[in-house]
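Colleague: Have a look at this fold, sequence not included:
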């Protein structure tokens, strides 16, 4: 079962065809391919959309409900006979309280929790299909899992005319940070005894998300909030569709040879800064081969030129972010690797338009690092250092941008 606040945002493939809608356009429901029906003692929903959008799923009590929030969806195409599930007593759609979000509320006659919440995107048309599978749970388990994301109202907002596409924007001034807990699902990452890297970094990312949100200055999107496999290119496109100001991929690897200990921050480079960085990049990118995704193909010449031009601006900002994170961790007295700054060709850092870093919070192969990763007090200290560093970087980055505009 997934935990209560399941925020899964699976989004557009990196390069949509010309006919596909842009990121700002409102998605529409495709009636012919959308349905909600019974599945054993539970239910399964298929929601077909004209384009992929970020989405999140959470559960609520009093009565039992499962809520699906999606970024800008028009419900006009939802078929009248959509709800064919006896386990679902009502389907309500409308706007969420947060500007730019749409909401579907499934009212249940018994406690059911999400077991699968996933999106697939057609690489040719850009159309998307969300699958939500609900399975029986005890009332106690449902109550323990229930809860809306921080700052999210539980109901539907009053119905109003949809805003024009040009009016859909983030106006509250908060920094949008995408946290990417590495690995997941068929790819557990590093394993040491009963501990899996995918689980450890997910716990760390959830805690960091809440620490960032508590500042009131940051909104956080996570590439995964459950033990699921998310392909590396999808993690990048999530960040782009969410309007990310920065992207942090979080890992806690193990090394087979030599000794490695302490935090390390990596940026993108065509050539690795050292042999260890190259080995880590190869290890991370191999994860996609588990799902049959071959990343060996090269982009065409025009795409390469455009991305290189975008990175002229983004690469220095990413380097500044990495340096600020290292300095912040050091100030907090948290152990750093002997060479805390590295560079390698990590696929997950290849968003040309978003400052991106990969953060190794420690190495599971080191006894001391593993103990730290399992220690809530150490994690809180590291997270505090990261929060302060991210805010410092945002302030300095804004100042640099202002100077460039003059």
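Modeller: It's in. This is a predicted model, so every value here is computed, not measured. Residues are numbered from 1 along each chain as shown.
Colleague: What's the end-to-end length of stretch 185-203?
Modeller: Start and end residues of stretch 185-203 are separated by 15 Å (Cα to Cα, to the nearest Å).
Colleague: Go through that stretch and flag the buried ones.
Modeller: 187, 189-190, 192, 195-202 (16 or more other Cβ atoms under 10 Å). Every C-beta, even on glycine, is put in place using the N, C-alpha and C of the backbone.
Colleague: Equivalent analysis for stretch 60-68, please.
Modeller: Here stretch 60-68 shows 60, 64-68 as buried, counting by 16+ other Cβ under 10 Å.
Colleague: State the next helix or strand along the chain beyond the host helix or strand of residue 314.
Modeller: Using DSSP states H and E, residue 314 sits within helix 301-331. Where DSSP H and E defines the elements, the next helix or strand beyond helix 301-331 is strand 336-344.
Colleague: For that following strand, name the packing helices and strands.
Modeller: strand 263-268, helix 275-285, helix 301-331 (3 or more Cβ pairs under 8 Å, 6 or more residues apart in numbering; DSSP states H and E).
Colleague: Mind telling me which of the ones you listed the model trusts least?
Modeller: Out of these, helix 275-285 stands lowest, with a mean of 49 (criterion: mean pLDDT).
Colleague: tell me which strands and helices the host helix or strand of residue 402 is in contact with?
Modeller: Element membership of residue 402, judged by DSSP H and E, is helix 376-405. Contacts defined by 3+ Cβ pairs under 8 Å, 6+ apart place helix 376-405 against strand 175-181, helix 197-213, strand 246-251, helix 301-331, helix 367-373.
Colleague: Next, format these as a markdown table and append distance to residue 31.
Modeller: Converted to a markdown table, the helices and strands packed on helix 376-405 look like this (distance: least, Cβ to Cβ, whole Å):
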| stretch | distance to residue 31 |
| --- | --- |
| strand 175-181 | 32 |
| helix 197-213 | 35 |
| strand 246-251 | 35 |
| helix 301-331 | 35 |
| helix 367-373 | 47 |
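Colleague: Which one of the ones you listed lies nearest to residue 115?
Modeller: helix 197-213 (17.1 Å; Cβ to Cβ).
Colleague: Now do the same contact list for residue 33.
Modeller: Under the criterion of Cβ atoms under 8 Å, 6 or more residues apart in numbering, the neighbours of residue 33 are 46, 48, 129.
Colleague: nearest to residue 219, of the helices and strands packed on helix 376-405?
Modeller: Among the helices and strands packed on helix 376-405, strand 175-181 comes nearest to residue 219, with 5.3 Å by Cβ to Cβ.
Colleague: Give me the angle between that closest one and helix 376-405.
Modeller: Calculated by axes from the mean of the first three to the mean of the last three Cα atoms, to 10 degrees, strand 175-181 forms an angle of 130 degrees with helix 376-405.
Colleague: For residue 74, give me its contacts.
Modeller: With Cβ under 8 Å, 6+ apart, residue 74 has these contacts: 26-29, 102, 162.
Colleague: now, which of these lie within strands?
Modeller: Mapping the contacts of residue 74 onto strands (DSSP state E) picks out 27-28, 102.
Colleague: who touches residue 47 in this structure?
Modeller: Residue 47 touches 29, 34, 68, 104, 129-130, 132, counting by Cβ under 8 Å, 6+ apart.
Colleague: from those, which ones fall inside strands?
Modeller: Those of those lying in strands (DSSP E): 68, 104, 129-130, 132.
Colleague: Nearest to residue 41, out of the helices and strands packed on helix 376-405?
Modeller: helix 197-213 (28.1 Å).
Colleague: got a list of contacts for that closest one?
Modeller: Under Cβ under 8 Å, 6+ apart, the answer for helix 197-213 is 150-151, 177, 179-185, 187-191, 218-220, 222, 224-227, 250-254, 361, 364, 373-374, 379-380, 382-384, 386-387, 390.
Colleague: How far off centre is that helix?
Modeller: 11 Å (Cα atoms, centre = their mean, to the nearest Å).
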